[in-house]
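Chemist: here's my sequence, what's the structure:
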Amino acid sequence: MAAVSVMQLGSLQYYVVGKVAKPGMYNVSKSLTVLQALALAGGPVVFAKEDKISILRNHGKETLRLPFNYEEIKKGKNLEQNILLERGDVVIVP
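Modeler: Numbering: from 1, shown residues only. The predicted structure is shown next:
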């Protein structure tokens, strides 16, 4: 008889692409914010446009673009833009 173990139940899958240290697909077991996702991806690298980060989110048949200004977040400003990611979100760091 073979044993089967579930490694990730109900995981949240998201992507971080562009100028970060470790771009790619990530699976986590609980919700996380954009800032936490960037931290897992090693953060923006030199020459990244930290004020032009965006999140692409499929919403039905349309794709929403949500702006994220990392420079403001570092200064403690406009913290409401540090939203929770949803399954399939793509964080783009130009």
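Chemist: alpha carbons only for contacts and neighbour counts from here, please
Modeler: OK.
Chemist: and the helices in this structure?
Modeler: Ranges of helices in the chain, per DSSP state H, are 34-40, 70-74.
Chemist: most tightly surrounded among these?
Modeler: helix 34-40 (a mean of 18; mean count of other CA atoms under 10 Å).
Chemist: make JSON lines out of the helices of the chain and add distance to Tyr15 and mean pLDDT.
Modeler: Formatted as JSON lines, those follow (distance: least, CA to CA, whole Å; pLDDT from 0 to 100):
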{"stretch": "helix 34-40", "distance to Tyr15": "9", "mean pLDDT": "97"}
{"stretch": "helix 70-74", "distance to Tyr15": "17", "mean pLDDT": "96"}
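Chemist: any idea which of the ones you listed gets closest to Thr63?
Modeler: Ranking the helices of the chain by proximity to Thr63 (CA to CA) places helix 34-40 first, at 17.4 Å.
Chemist: was I right about Arg65 contacting Ile55?
Modeler: Yes. Taking contacts as CA atoms under 8 Å, Arg65 lies within contact range of Ile55: 5.7 Å.
Chemist: settle it for me: which of these two has more neighbours?
Modeler: Higher neighbour count among Arg65 and Ile55: Ile55, with 21 against 14, using other CA atoms under 10 Å.
Chemist: now that one. Nearest residue, chain neighbours left out?
Modeler: Val91 (4.5 Å; CA to CA, 6 or more residues apart in numbering).
Chemist: from Val28, how far off is the nearest residue to Val34 once chain neighbours are set aside?
Modeler: Sequence neighbours aside, Asn82 is the residue nearest to Val34 in space, at 5.5 Å (criterion: CA to CA, 6+ apart). Here the criterion is CA to CA, to the nearest Å. By it, Asn82 lies 17 Å from Val28.
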